[in-house]
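>>> Next comes the sequence, and after it the predicted model I'd like to discuss.
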Amino acid sequence: MKKLIIIGLAIAFITACQEKGPERYTQDSPQINTVKQLIGNYNNKTYDTNIYADTSKTYYNSKDNPITPKEAIEFHKQAELAYSQRSFLDKDQEYEMVLTDDGETWVNCWLDWQGTLAGNGQVVNIPVHLTYQFVDGKIVREVGMWDPTAVVMALQEMEMKNSMSADEKVIQATIDNVTKAWNANDKELMYENLVKNVTRTANGVTIAKKQSDYGDFMDIYHSAFPDFKVNLDKTVIDGNKAYLNWTCTGTNKGEFMGNPPTNKKIETHGFSVWMFDTEGKAAREDAFYDNLVVYEQLGYSMPMPK
């Protein structure tokens with residue numbers, strides 16, 4: 001009798017082990033395929049509310065004030081007007097389906113979104129997290145989270161430029177040309193936008209008193225960093241002055257400050273105050289930045305003050 005009981009328990013144990021419950025986690029399911037179809041519809045601008053349940057609620061960057069699937073589609077259509085192109089990128093997409101302890105079915109996805117602003121051609125990249133709850137094969141809840149700061153700031157900058165006075169637009173054009181000249185090491189373009197006796201100071205030290213001095217200064221950086229680039233983070237124009245926050249990047253391929261190349265990359269941030277003459281040409285730049293940041297990134301020792 002004892003043996004029969006033990007055999008029975010063993011059979012029951014084996015049977016229980018062989019019986020599979022529902023999958024709690026997977027990266028391949030009909031629900032994931034539905035979400036991929038939804039992403040494809042967004043990229044192709046072929047919206048389809050049939051994927052959603054009639055009572056589905058959508059939340060974008062909020063826990064409150066849900067919108068309906070139709071309202072979500074209208075939201076996307078209105079947003080499209082700001083872009084000449086926008087889509088989720090194919091690269092580095094991640095999808096997963098999870099069955100919670102409460103028996104709810106959720107699909108999570110992590111995607112990279114890219115848009116080109118119609119007003120100025122600026123390309124914006126934003127990581128996005130989307131999550132969907134499914135019931136009977138339909139989406140009943142959609143939640144999207146992303147940081148819209150880059151887009152908002154770009155749109156605000158375009159609006160500011162559109163509202164500029166004629167004089168401010170001339171100054172802005174000079175700033176754009178100076179930035180372009182820096183990035184291309186185009187001294188001819190730079191000189192066209194500088195007065196002949198242009199002055200440049202760096203942290204209070206005068207390093208240029210004429211156009212050729214400024215050109216020599218550009219050569220120092222482009223010889224040391226052939227891929228040297230300047231990006232303007234923020235521009236404020238006030239009368240004949242402009243206040244610029246900027247970021248410089250580059251790879252050290254040549255001698256710099258008497259040091260051999262390191263092949264290391266730099267990224268440094270700074271602030272410049274520019275003054276312009278009545279024709280909108282740049283007459284003076286006072287730049288402020290931390291040289292120690294560049295030296296540390298290159299592995300140099302900071303030179304002793306003379």
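Thanks, I have it. Residues are numbered from 1 along each chain as shown.

>>> in the chain, which spans are strands?
25-26, 52-60, 83-88, 94-99, 105-117, 123-135, 138-146, 194-202, 205-208, 229-238, 241-251, 265-276, 282-289 (DSSP state E).

>>> Looking at those, spot the one closest to Val178.
strand 282-289 (6.2 Å; CB to CB). Where you see a C-beta, it was placed from the backbone N, CA and C, and this is true even at glycine.

>>> so that closest one versus strand 265-276, what angle?
140 degrees (axes from the mean of the first three to the mean of the last three CA atoms, to 10 degrees).

>>> okay, strand 282-289 in CSV with CA atoms only?
What follows is strand 282-289, C-alpha atoms only, in CSV (Å, rounded to 0.1, in the frame of the first residue of the first chain):
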residue,chain,number,x,y,z
ALA,A,282,31.2,90.9,-35.6
ALA,A,283,33.5,93.4,-33.9
ARG,A,284,34.4,91.6,-30.6
GLU,A,285,34.1,88.3,-28.9
ASP,A,286,34.7,87.7,-25.2
ALA,A,287,34.8,84.0,-24.6
PHE,A,288,34.7,82.2,-21.3
TYR,A,289,35.5,78.5,-20.8
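
>>> Show residues contacting it.
Outside of strand 282-289, the residues within contact range by CB atoms under 8 Å, 6 or more residues apart in numbering are 174, 178, 193-195, 198-203, 268-277.

>>> on that earlier part again, now distance to Thr46, mean neighbour count and mean pLDDT too, for the strands of the chain, in a markdown table please.
Shown next, in a markdown table, are the strands of the chain (distance: least, CB to CB, whole Å; neighbours: other CB atoms under 10 Å; pLDDT from 0 to 100):
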| stretch | distance to Thr46 | mean neighbour count | mean pLDDT |
| --- | --- | --- | --- |
| strand 25-26 | 27 | 11 | 92 |
| strand 52-60 | 15 | 17 | 96 |
| strand 83-88 | 13 | 16 | 95 |
| strand 94-99 | 20 | 16 | 96 |
| strand 105-117 | 18 | 18 | 96 |
| strand 123-135 | 18 | 16 | 96 |
| strand 138-146 | 17 | 18 | 97 |
| strand 194-202 | 52 | 18 | 97 |
| strand 205-208 | 56 | 14 | 96 |
| strand 229-238 | 36 | 14 | 93 |
| strand 241-251 | 39 | 17 | 96 |
| strand 265-276 | 41 | 17 | 96 |
| strand 282-289 | 49 | 18 | 97 |
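
>>> As a markdown table, these with distance to Val35 would be great.
A markdown table is the format used below for the strands of the chain (distance: least, CB to CB, whole Å):
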| stretch | distance to Val35 |
| --- | --- |
| strand 25-26 | 13 |
| strand 52-60 | 12 |
| strand 83-88 | 11 |
| strand 94-99 | 7 |
| strand 105-117 | 5 |
| strand 123-135 | 6 |
| strand 138-146 | 8 |
| strand 194-202 | 53 |
| strand 205-208 | 56 |
| strand 229-238 | 35 |
| strand 241-251 | 36 |
| strand 265-276 | 36 |
| strand 282-289 | 46 |
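
>>> got a list of what the residue nearest the centre of the chain touches?
The residue lying closest to the centre of the chain (CA atoms, centre = their mean) is Asn125, at 4.2 Å. Contacts for Asn125 were tallied using CB under 8 Å, 6+ apart; they are 112-114, 150.

>>> Among these, which one sits closest to Gln93?
Asp112 (7.9 Å).
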